[in-house]
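Student: Quick check, what structure comes out for this input:
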Amino acid sequence: MTYQAEPFYKNKAISALSIAGMAVTLGLAGCSNNDTAETTANADGTPSENIELLNVSYDVARDFYKDYNPMFVEHYKSENPNATVNIKQSHGGSSKQALSVANGLQADVATMNQGSDIELLQKEGLVANDWEAQFPDNAVPFTSTIVFLVRKDNPKNINDWEDLTKDGIEIVMANPKVTGNGRYAFLGAYGYGLHAFDNNEDNAKSYVRDMLKNVKVYENGGRAATTTFVQRGIGDVLVTFENEANLAATQFGAGQVDIVYPKYSIKSESPVAIVNAVTDKKGTTKAAKAYLDYLWSEPAQQLAADLYLRPSVKSVLDKNGDKLPAVETFRPNDAFGTWDEIMSTFFSDNGVFDQLAINAPQ
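Tutor: So this is what the prediction gives:
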């Protein structure tokens with residue numbers, strides 16, 4: 001079905017950096033312990049704590065956290081009057097971000113769009129082994145799904161996955177080798193193939209191979225793919241997350257694009273975790289836990305829905321059915337195994353993606 005998102009950002013402006021999809025990291029270098037959990041004194045002599053948190057996150061989450069951070073700061077101040085929290089952000093392709101943390105970027109929290117990225121940090125000893133049990137919903141505060149963004153009035157008549165194999169269709173998507181957005185898009189197509197062809201692997205692979213023949217551009221992140229499609233005018237269809245498609249349809253691509261919901265698609269999960277190896281040294285574990293806990297609050301869940309993320313709190317999700325239409329979805333772990341198995345089977349060198357894609361990006 002084709003869906004025209006109703007504008008909800010009437011009084012908000014997208015910055016040039018947000019539109020361009022640039023991964024911006026503010027003030028990341030050389031934070032000492034005293035810089036991040038410094039205790040000073042108020043004018044009346046009572047202790048005042050200055051806390052600095054770094055949230056390392058995936059590319060298209062910047063719009064959510066831009067609004068969530070001041071909301072949390074106000075909430076934390078209300079419960080901890082003598083504390084002042086400053087939150088810094090780093091955004092990029094989810095897996096690249098996880099590797100940056102594994103290689104020493106001093107994140108207090110990791111908020112990714114793929115379980116394997118948190119699992120990587122767990123294996124490195126940076127995140128607790130029970131990270132999924134530390135928060136509700138297996139530490140997934142909201143989800144999304146893969147949809148299609150097409151040109152206004154859908155001139156190529158793209159209505160479902162099978163239409164992506166038509167002759168003359170040009171597809172834009174993120175690179176599955178390095179981004180969660182691209183991996184979910186690829187796995188969504190593969191899952192559709194299995195669904196459409198009664199779990200026949202050969203037929204599913206044949207479908208995906210035909211679809212990938214039509215990929216015009218593999219971008220290095222979800223936001224970069226949106227920019228290529230909307231601003232540069234390349235391609236007939238962008239395969240991307242629902243929230244990213246809605247942002248384009250209501251903001252910088254308003255009036256130029258429509259959203260098409262496939263009948264069957266993949267469920268993407270955005271897990272979060274405390275990077276205890278960093279917070280325990282900095283003394284910011286309490287604040288980092290509170291930062292992630294608040295993602296399940298009603299205001300934060302409603303913010304997610306306002307940005308077309310699907311809240312994990314059912315009562316909030318149900319309230320927002322007008323902007324988040326029902327879609328039959330499947331979980332990648334149910335269809336393809338653990339993330340270790342998925343990464344090895346599909347996205348390792350000479351894995352299924354490399355085998356099916358012509359000129360597969362490296």
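
Student: contact partners of stretch 259-268?
Tutor: The contact list for stretch 259-268 (Cβ atoms under 8 Å, 6 or more residues apart in numbering) reads 1-5, 113-114, 143-150, 154, 158-161, 180, 184, 187-188, 191-192, 195, 237, 241-242, 245-246, 249, 325, 327-332. Using the backbone N, CA and C atoms, a C-beta is placed for each residue, glycine as well.

Student: Can you tell me which of those are buried?
Tutor: 3, 5, 113-114, 143-150, 154, 158-161, 180, 184, 187-188, 191-192, 195, 237, 241-242, 245-246, 249, 327, 329-330, 332 (16 or more other Cβ atoms under 10 Å).

Student: now the strands for this protein?
Tutor: Using DSSP state E, the strands of the chain run over residues 2-3, 37-41, 47-58, 83-92, 109-111, 142-151, 171-174, 215-219, 237-241, 257-260, 264-269, 272-274, 310-311, 328-330.

Student: Distance to Gln134 for the ones you listed - can I get that in CSV?
Tutor: Below are the strands of the chain laid out as CSV (distance: least, Cβ to Cβ, whole Å):
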stretch, distance to Gln134
strand 2-3, 35
strand 37-41, 20
strand 47-58, 16
strand 83-92, 19
strand 109-111, 11
strand 142-151, 17
strand 171-174, 29
strand 215-219, 33
strand 237-241, 25
strand 257-260, 34
strand 264-269, 16
strand 272-274, 7
strand 310-311, 19
strand 328-330, 25
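
Student: and the chain, what are its domains?
Tutor: When the chain is parsed with automatic domain parsing, its domains come out as 31-141+270-296, 145-267+327-356.

Student: closest to Lys319 out of the ones you listed?
Tutor: domain 31-141+270-296 (15.3 Å; Cβ to Cβ).

Student: measure the residue most central in space within the chain to Phe72 for me?
Tutor: The chain has Asn113 as the residue nearest its centroid, 4.2 Å off, counting by Cα atoms, centre = their mean. Distance check for Asn113 against Phe72: by Cβ to Cβ, to the nearest Å, it reads 20 Å.

Student: for Glu201, same thing?
Tutor: Glu201 is 45 Å from Phe72, by Cβ to Cβ.

Student: Compare the two (neighbour count), which wins?
Tutor: It is Phe72, of Glu201 and Phe72, that has more neighbours when counted by other Cβ atoms under 10 Å, with 23 against 12.

Student: per-residue pLDDT, Ser15?
Tutor: Per-residue pLDDT puts Ser15 at 35.

Student: again with Gln362
Tutor: 60.

Student: just Glu6 next, same as before
Tutor: For Glu6, pLDDT reads 44.

Student: Could you do Leu26 as well?
Tutor: 34.

Student: Many thanks, have a good one.
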